Structure formats: C-alpha cells, structure tokens
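Asks: 3D, please:
(chains A and B)
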Amino acid sequence: MIVPLTHVLILAGILFALGVLCVLVWRSNVIMLLIGIEIMLNAAMLVFVGGARHWGTADGQVFALMIMAMTSAEVSLALALVVHLHRKRDTVNVDALTTGSRPGAPEPSAGPLEEGPEA
Amino acid sequence: MEAYLFYLLAAVTVIGTVLAITEKHPVHAIVYLVSSFFSLAAIFFLLAAPLIAMFEVIIYAGAVMVLFMFVIMMLDVGRSGDGLRPGLRQWLPAMLLAGVILALLGMMLAHGGWPAPGAGAAATLRDFSLTLFRQHGVAIEIISLQLLFAVVGALYFGKRRGP
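Replies: Residues are numbered from 1 along each chain as shown, chains lettered A, B, ... in the order given. Reported below is the predicted structural model:
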C-alpha cells in the first residue's frame, strides 16, 4: 500500500465534514445541498476503496460500485423532484418548501409561500 | 513517488471541494467539483481500483455533474441567487458541527487502535469481477431494480400535468 490507511481515512473524514458543512449551510439552494450529499457519498466510497486496498480484498470496490449506482438513482430522482417543485413553487429555497405540492391542497397562511405560475 | 502523488491529489481534492462549497454561483461550484472528482478518481487509481476510477470519471464527473449543470441552466437559478448567499448565521453552527466531526477523527487518531497492515497484494480486476458476480449477484439485481424505479419516478415527477 502506498500510503497508510490512516491517511486515506483522514482524507475521507475531511471530505465528509466538508459535505456536512455544504448540506447544513446551503439551505437556500437545494441544488447545492444535493452537491453536499454527493461529496459525502464520495467520502464513503473513498473509505471503501481504501479498505479494499488495505486488506487486499475486492468487496470494498464492489460496495463502492453499489454506492455509485445508488447515487445515480438518487440524483435522477432528486433532480426530477427539484424541477417539479420549481415548476409548482418557483423557488429552490429549502426553507420555503415546507409542504408538498399537491394540487388543490390548502396553503399554509404564514411564510413566503406564494403559489408559482401553474405549469 | 506514488505517496507524494497521493498527498498532492488529496490537497487538490480538498481545495477543490472547499472552493465548491463556498462558491456563490452554482455553475462555478460544479466546475470546481468536477476537478475535485477528477483528482479523487486518480486517488482511486492509486489505491488499485482502476474500474472504480473509470466509473468515477464517467458517472460522477461526466453524467451526474452534467445532469446538475443541465438542471441549473434549465431552472435558471444561478442568475437570481444574489440574495440567497448563506450568511454568518448559517455558517457558524455548520462549522461547529464539522469541527466536532474533525475533532472526533483527531481523537480516534490520537488513541490509535488501527489494524495492522494487512495483505500486501491488491485485488485484481479478476478478483473484483468474481466477487461482484459470484458473491453479490442478488445485490446487482436489487441495484438494477432500484435504477428502474428511479427512472419511473423521474418520469412521473417530470411529467407536465395540469390544464
């Protein structure tokens, strides 16, 4: 192994902390929040691949592949949801998206929840 | 030599990610993140996982980031995002939590207890394929079903309904 496993884990920990930071900070833009989730999943993949290299088995790489497939499914669904909500509410601010966008549902009175132009 | 390359790529990854999450404009953030993922793919290659490195470039830096870029440009969220930059009120608690995570990592490192260096030989591509399709065949089926469900769900959400 070219570097100790500890250093790989330190890098993964720093990346994970940065992802948590991105998710917690960017509540005003749901796309940046999804980017934070991507960073965290990449940190998890780095741990799996580093462990696979450390113990000389291939299972970690297999699970990194699983994480990658799961991420592509998650991103496609989440971005479709973002497009849908942007059509309904005309915002990407997470704090403004407090309810689902069921057509005909009663709107909560408080908050900046003006209905966007109907698609 | 490879060790220096690892630390260099790790620095590029961390700096690219920091620049991405502090950037106001989402398109610039995506470009920083693509460079970060490229160097992470090189790290995967150094860790003897060439297939994962290739998929990182193709799926993450290619497909997923282009999908993000596509949605950003379709919704036009980069133009009107001036008043939406997170202020100090959002940064402080988040940085506190990230500091707690890093402090826990440092405490774990200080107390040691890491496993001894394991087997020296890296898993080859043949080992990877055998493990993937012999031991985790059911997981492959479940993942493919999940991708199918994601396609159906994305079609449902993306369909233009209403009058």
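
Asks: Just give me the residue right at the centre of chain A.
Replies: Centroid check for chain A by C-alpha atoms, centre = their mean gives A:Ile37 as the closest residue, at 2.6 Å.

Asks: residues contacting it?
Replies: By C-beta atoms under 8 Å, 6 or more residues apart in numbering or on different chains, the contact set of A:Ile37 is A:Gly19, A:Val23, A:Glu74. No exception for glycine: its C-beta is placed from N, CA and C like everyone else's.

Asks: try B:Leu109
Replies: Per C-beta under 8 Å, 6+ apart, neighbours of B:Leu109: A:Thr6, A:Ile10.

Asks: Now with 10 Å, please.
Replies: A:Thr6, A:Leu9, A:Ile10, A:Gly13 (C-beta atoms under 10 Å, 6 or more residues apart in numbering or on different chains).

Asks: And the biggest helix by length in chain A, how far out from the chain middle?
Replies: Longest helix of chain A, by residue count under DSSP state H: helix A:59-89. Centroid separation for helix A:59-89 versus its chain: 8 Å, with C-alpha atoms, centre = their mean, to the nearest Å.

Asks: other SSEs contacting it?
Replies: When contacts are defined as 3 or more C-beta pairs under 10 Å, 6 or more residues apart in numbering or on different chains; DSSP states H and E, helix A:59-89 packs onto helix A:30-55, helix B:50-55, helix B:65-75, helix B:125-130, helix B:137-158.

Asks: can you rerun that using 6 Å?
Replies: helix A:30-55, helix B:50-55, helix B:137-158 (3 or more C-beta pairs under 6 Å, 6 or more residues apart in numbering or on different chains; DSSP states H and E).

Asks: Does anything pack onto the last one? Which helices or strands?
Replies: It stands for helix B:137-158. Here helix B:137-158 touches helix A:59-89, going by 3+ C-beta pairs under 6 Å, 6+ apart.

Asks: Name the residues of the helix it packs on that are buried.
Replies: Neighbour counts over helix A:59-89 (16 or more other C-beta atoms under 10 Å in any protein chain shown) mark A:59-69, A:71-89 as buried.

Asks: How about stretch B:95-114?
Replies: Across stretch B:95-114, burial judged by 16+ other C-beta under 10 Å covers B:Met95, B:Ala98, B:Ile101, B:Leu102, B:Leu105.

Asks: Ok, stretch B:16-26 next?
Replies: Neighbour-count burial for stretch B:16-26, with 16+ other C-beta under 10 Å as criterion, is recorded at B:Gly16, B:Thr17, B:Val18, B:Leu19, B:Ala20, B:Ile21, B:Thr22, B:Glu23, B:Pro26.

Asks: do you know how far B:Val12 is from chain A?
Replies: Separation of B:Val12 from chain A (C-beta to the nearest C-beta, to the nearest Å): 11 Å.

Asks: Okay, and that residue sits in which element?
Replies: Assessed by DSSP states H and E, B:Val12 sits inside helix B:2-22.

Asks: So which helix or strand of chain B has the lowest pLDDT on average?
Replies: When the helices and strands of chain B are scored by mean pLDDT, DSSP states H and E, helix B:88-111 comes last with a mean of 85.

Asks: what inclination does that one have with respect to helix B:2-22?
Replies: If you take axes from the mean of the first three to the mean of the last three C-alpha atoms, to 10 degrees, helix B:88-111 sits at 160 degrees to helix B:2-22.
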